[in-house]
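*Asks:* Mind looking at a prediction? Sequence and model below.
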Amino acid sequence: MRGSEFAELTAFAAVVEHHSFSRAAAHLGVTPSALSQTLRALEGRLGVRLINRTTRSVAPTQAGAKLAERLAPLLSELDASIHDVKSTRNAQSGLLRINLPRLACEYFITPLLGEFARAYPEIVLDIIIDDALTDIVAGRFDAGIRLGERLAQDVVAVKLGGELELMAVATPEYLAEHGIPATPNDLHQHRCINVRMPTSGAIYKWEFQKGRREFEVAVAGPLIVNDSTTAVHAAVDGVGIAYTFDLQVQRFIAAGKLKRVLEAWSPRFPGMYLYYPGRRQPPPTLKAFIDFVRKHVRS
């Protein structure tokens with residue numbers, strides 16, 4: 001492959017990743033007009049349109065999507081190879097890109113940032129908070145954090161913390177006024193705070209379990225949010241009943257601001273895992289991060 005062809009493919013991958021010519025150009029350190037010219041050269045050489053561009057959006061065509069799917073792991077592996085070579089010069093320096101949901105960042109990573117920066121001053125952490133199920137290979141991340149049941153089969157995973165439990169909570173004042181639900185079906189008579197799923201955009205159906213029986217309940221109420229932290233604060237303000245993981249509500253329960261309901265029906269989950277692609281050994285910077293997190297986060 002000639003150098004110009006590699007530059008064209010790298011430019012194309014950046015546009016697909018960032019969904020924007022201006023953001024991709026800034027990432028590559030070129031002007032948007034130069035980037036557009038490079039993409040036109042690639043499309044001309046291949047004889048097919050790869051990108052659909054309007055005033056509002058940038059998206060790959062069907063042919064472009066197929067090329068991007070094949071190209072992403074190749075570029076990721078190339079980046080990793082170059083990163084590994086550079087790491088032999090200084091095993092504790094370089095850029096480390098981590099993709100993780102807000103819950104994991106808030107409770108596992110944010111409390112460690114200061115100490116990690118002091119321990120590894122030459123490592124630059126690029127943390128992307130993302131509640132969607134992003135493909136870390138396609139997004140060219142070094143690692144990610146995700147719930148255990150959402151992990152792919154071909155990754156190496158390191159457990160962070162213990163199990164997580166879903167908890168339905170409301171203020172004592174709300175429950176005094178509206179009553180305490182005895183079963184999940186009673187939620188149909190309550191004001192519930194809904195959460196929109198970041199990946200699908202669908203409203204999350206509340207999951208319950210008792211013994212071997214598992215089922216979902218579609219609830220209704222005065223508020224829909226796409227962030228569980230907002231749902232918890234709304235519950236504290238008396239909006240209604242929220243349903244989220246124990247990590248987010250335990251301090252409010254301990255302070256008497258929230259009260260738990262439907263405890264016998266709440267399911268438990270394996271918890272959060274730090275993971276990375278399993279086809280290669282982690283570079284020294286990632287290994288340093290994994291070892292640091294494992295040391296400081298209780299299993």
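*Replies:* Cool, got the structure. Remember, it's a predicted structure, so these values are computed and weren't measured experimentally. Numbering: from 1, shown residues only.
*Asks:* Only C-alpha atoms from now on, for both contacts and neighbour counts.
*Replies:* OK.
*Asks:* Can you give me the neighbour number for L166?
*Replies:* When neighbours are defined as other C-alpha atoms under 10 Å, L166 has 21 of them.
*Asks:* that's a helix at it, yeah?
*Replies:* No: under DSSP: H, G, I helix; E, B strand; the rest coil, L166 sits outside any helix and is assigned strand.
*Asks:* Next, count neighbours for the nearest residue to it once chain neighbours are set aside.
*Replies:* By the measure of C-alpha to C-alpha, 6 or more residues apart in numbering, the closest residue to L166 outside its immediate chain neighbours is F245, 4.4 Å from it. For F245, the count of nearby residues is 20 (other C-alpha under 10 Å).
*Asks:* Check L175 too.
*Replies:* In terms of burial, L175 registers 19 neighbours under the definition other C-alpha under 10 Å.
*Asks:* circling back: residue contacts, the residue nearest to L166?
*Replies:* F245 is in contact with 164-167, counting by C-alpha atoms under 8 Å, 6 or more residues apart in numbering.
*Asks:* Just give me the closest of the residues you listed to I128.
*Replies:* Ranked by distance to I128 (C-alpha to C-alpha), these are led by L164 at 22.3 Å.
*Asks:* Quick check: bridge partners of the closest one?
*Replies:* Under the criterion DSSP bridges, L164 forms beta bridges with F269.
*Asks:* Check the one 4 residues further on too.
*Replies:* Here A168 sits in beta bridges with Y243, V261, going by DSSP bridges.
*Asks:* Now do the contacts for it.
*Replies:* A168 makes contacts with 241-244, 260-263, 266, as judged by C-alpha under 8 Å, 6+ apart.
*Asks:* run the last query once more with 6 Å
*Replies:* When contacts are counted by C-alpha atoms under 6 Å, 6 or more residues apart in numbering, A168 is found next to 242-243, 260-261.
*Asks:* any idea how far I129 is from Y273?
*Replies:* Separation of Y273 from I129 (C-alpha to C-alpha, to the nearest Å) stands at 15 Å.
*Asks:* same question but for E122, I mixed them up
*Replies:* Counting by C-alpha to C-alpha, the gap from E122 to I129 is 22 Å.
*Asks:* Have a look at Y273 and I129 and say which one is more surrounded.
*Replies:* A side-by-side neighbour count of Y273 and I129, using other C-alpha under 10 Å, places Y273 first with 22 against 17.
*Asks:* Let me know the secondary structure of that one.
*Replies:* When states are read from three-state DSSP, the local structure at Y273 comes out as strand.
*Asks:* And for it, nearest residue in space, chain neighbours not counted?
*Replies:* K159 (4.4 Å).
*Asks:* Could you tell me whether that neighbour really is in a strand?
*Replies:* Yes: under three-state DSSP, K159 falls within a strand.
*Asks:* tally of neighbours for it?
*Replies:* Burial of K159 is recorded as 20 neighbouring residues (other C-alpha under 10 Å).
*Asks:* tell me which element T229 falls in.
*Replies:* For T229, the enclosing helix or strand under DSSP states H and E is helix 228-236.
*Asks:* Does that helix pack against any helices or strands, and if so which?
*Replies:* Judged by 3 or more C-alpha pairs under 6 Å, 6 or more residues apart in numbering; DSSP states H and E, helix 228-236 has no packing partners among the helices and strands.
*Asks:* From one end of stretch 177-184 to the other, what's the distance?
*Replies:* 18 Å.
*Asks:* Next one: L175 relative to G240, how far apart?
*Replies:* Between L175 and G240 the distance, using C-alpha to C-alpha, works out to 9 Å.
*Asks:* Next up, phi/psi of R70, please.
*Replies:* The phi/psi pair for R70 (degrees, to the nearest 10) reads phi -80, psi -30.
*Asks:* One more: V124?
*Replies:* Here the main-chain torsion angles of V124 (degrees, to the nearest 10) amount to phi -100, psi 120.
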